[in-house]
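Student: Okay, structure incoming, though there's no sequence with it:
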Ligand code: NAD
Ligand code: DAU
C-alpha cells in the first residue's frame, strides 16, 4: 500500500509518518511538503534512509507536479495534513490560507479523481464549528453542529471540508474528514501556545497570554490523533465526518502556570497582552461517534502527555533553537512587538 502524506514535514504530519512506518513497516509512505516556514526536513531525518519512505518537496497547489507524482506513485490513500495552520498568521495575511487550504485540497482531490484512489482523508479541525460560551459547560461540538467560523484560518478549513463533501457527493470520491481539537507533543512549531510557552520560559522570556487567559481549549496528545486517523482509514465510513477529542478542557492561563511550575520558572514571566481579534472562547469536542463506531479513545492522560512534551523540548534544544534563529525573529517582533 502506498500512502501520500501531505504536510508531513510539519507537526502532526511528521508524527503520523513515524506512527505509520512503525505500525506498517511494509507500507510505502510518500511525503509531499512545500517546506514553508512550518515544514522542517530535520524532523524527518530519522526516516529519510528508510527504503519505504520518499520525501518530495512540492506545493500541493501545483497541479502539474502533483499529477506527475500521482502518475509515478499510484497512491492507494491520501492523507492531507498540508495547510497553513496558525490562526494569528491568518489574521495578518489570509490569502495564502485560501490558496493552500482550499485550492490545494482541490488539486489533490482532482488528482485522486483522475488516477483513482481507495481513500482520500481530509485532516480538518474543531475550529470549523466556531466557539462555545464559557457559561455552558454542558455544550459540546458534535458532527451535527453547524459550521460557524471565526478566523480566516477556520473559514479556509471549513471551505475545504465543504469541497470534500461536494466531491464525495458529486463525483463519488471515497473521502472521509476528521475534525480534531488542539494537539500537543513533539515537533510542535513554537508559534503555538504550548511550545511557545515552553521555549520562552526556558529562555526566561515573557510569556504572552492573550486577553485574560480564560479561553478554553481541549488538548489531545498528538499520537492519539494519529491513531484516530489510522482507524478512520481502516474502518471509517466514506462520506463521514469524525470528531476527535479527549474531553481535556483547560484554560490557557492554567496551562501557562503549569509550564512555569514544571520548569521551575516564576509566574512573574506571565505577561497579559492584547487579545487575538475574534478570539474563540471555548472549544470542546464530543467524540462519541468515533468511540461508538471505531472504538477510539484517547490513551495519553494530559498529566503524562505534558511531561513527555516538556521532556522532548528539553532533550531536543537544537531542533527549536534552529527555528528561533531564522525568520521566526521577524514574525515574533511583528506579532508581539506592539501588543
Ligand atoms: P503545521 O503548520 O505544523 O504543518 C503544516 C505542514 O504543511 C508544513 O510542513 C508545511 O510546510 C506544509 N505545507 C504548507 N503549505 C503547503 C503547500 N502549499 N503544499 C505542501 N505542503 C504545505 O501544521 P499542523 O499543526 O501539523 O497541522 C496539520 C493539519 O492538521 C492542518 O491541516 C491543520 O489544519 C490540522 N489540525 C491541526 C491541529 C493542531 O492542534 N495543530 C488540530 C486539528 C487539526
Ligand atoms: O483546535 C484546533 C486548532 O488548534 C488547529 O486547527 C490549529 O491549527 C491550531 O493552531 C490550534 O489553534 P488555536 O488558535 O487554538 O492554537 P494556538 O496555540 O494558536 O492558541 C491556543 C490558545 O492560546 C488560544 O486561545 C490563543 C492563546 N495564545 C496563543 C499564543 C500563540 C496565547 O494566549 N498566547 C500566545 O502567544
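Tutor: Alright, I've got the coordinates. Computed from a predicted model, the values in this text were never measured in an experiment. Ligands and ions are numbered 1, 2, ... in the order given.

Student: Could you use CA atoms for every contact and neighbour count after this?
Tutor: Noted.

Student: Spell out which residues of the protein are next to ligand 1.
Tutor: Counting by C-alpha under 6 Å from any ligand atom, the residues of the chain close to ligand 1 are 6-13, 32-36, 38-39, 58-61, 81-85, 100, 123-125, 180-183, 189.

Student: Filter those down to the buried ones and express that as a ChimeraX selection.
Tutor: Restricted to buried positions by 16 or more other C-alpha atoms under 10 Å, the ChimeraX selection for the residues of the chain next to ligand 1 reads:
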select :6,7,8,9,10,11,12,13,32,33,34,35,38,39,58,59,60,61,81,82,83,84,85,100,123,124,125,180,181,182,183,189
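
Student: Out of the residues of the chain next to ligand 1, list just those in strands.
Tutor: Judged by DSSP state E, strands contain the following of those: 6, 32-33, 123-125, 180, 183.

Student: Okay, and the beta partners of residue 80?
Tutor: residue 6, residue 122 (DSSP bridges).

Student: hang on, it packs against residue 109?
Tutor: No: taking contacts as C-alpha atoms under 8 Å, residue 80 lies outside contact range of residue 109: 9.9 Å.

Student: where along this protein do the helices fall?
Tutor: Taking DSSP state H, the helices of the chain run over residues 11-23, 63-73, 87-92, 95-97, 105-115, 152-171, 193-202, 222-235, 252-263, 288-294, 302-315, 317-324, 328-336.

Student: Can you check which of the ones you listed gets nearest to ligand 2?
Tutor: helix 193-202 (3.7 Å; C-alpha to the nearest ligand atom).

Student: Next, see if the closest one gets close to ligand 2.
Tutor: Yes: shown here: helix 193-202 in contact with ligand 2 (C-alpha under 6 Å from any ligand atom) through residue 193.

Student: That helix packs against which elements?
Tutor: Counting contacts by 3 or more C-alpha pairs under 8 Å, 6 or more residues apart in numbering; DSSP states H and E, helix 193-202 packs against strand 207-210, helix 252-263, helix 302-315.

Student: at 7 Å instead, please
Tutor: When contacts are defined as 3 or more C-alpha pairs under 7 Å, 6 or more residues apart in numbering; DSSP states H and E, helix 193-202 sits against strand 207-210, helix 252-263.

Student: so what secondary structure elements neighbour the longest one?
Tutor: Here helix 252-263 is seen to pack against helix 193-202 when contacts are counted using 3+ C-alpha pairs under 7 Å, 6+ apart.

Student: Just give the number of residues close to the nearest residue to residue 335 once chain neighbours are set aside.
Tutor: Leaving aside its sequence neighbours, residue 335 sits nearest to residue 88 (C-alpha to C-alpha, 6 or more residues apart in numbering; 7.9 Å). Neighbourhood size, residue 88 [other C-alpha atoms under 10 Å]: 18.

Student: Likewise for residue 94?
Tutor: When neighbours are counted by other C-alpha under 10 Å, residue 94 registers 18.

Student: what sits against the residue nearest to it when sequence neighbours are not counted?
Tutor: When the adjacent residues along the chain are set aside, residue 94 lies closest to residue 152, with 5.8 Å between them (C-alpha to C-alpha, 6+ apart). Residues in contact with residue 152 (C-alpha atoms under 7 Å, 6 or more residues apart in numbering) are 90-91, 94.

Student: now residue 122
Tutor: So residue 122 contacts 79-80, 176-178 (C-alpha under 7 Å, 6+ apart).

Student: One more pass at 8 Å, please.
Tutor: Shown in contact with residue 122 (C-alpha atoms under 8 Å, 6 or more residues apart in numbering): 79-81, 161, 164, 175-178.

Student: shaky segments in the stretch 151-300 of the chain?
Tutor: Of all residues in the stretch 151-300 of the chain, none has pLDDT under 70.

Student: and stretch 120-134, average pLDDT?
Tutor: For stretch 120-134, the mean per-residue pLDDT is 98.

Student: List the buried residues of that stretch.
Tutor: Within stretch 120-134, the residues scored as buried using 16+ other C-alpha under 10 Å are 120-132.

Student: again with stretch 262-271
Tutor: 267, 269-270.

Student: what's in contact with that stretch?
Tutor: 201-202, 204-209, 256-257, 260.

Student: May I see those residues arranged in a markdown table, with neighbour count as well?
Tutor: Shown next, in a markdown table, are the contacts of stretch 262-271 (neighbours: other C-alpha atoms under 10 Å):
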| residue | neighbour count |
| --- | --- |
| 201 | 22 |
| 202 | 16 |
| 204 | 12 |
| 205 | 13 |
| 206 | 15 |
| 207 | 23 |
| 208 | 21 |
| 209 | 20 |
| 256 | 24 |
| 257 | 17 |
| 260 | 21 |
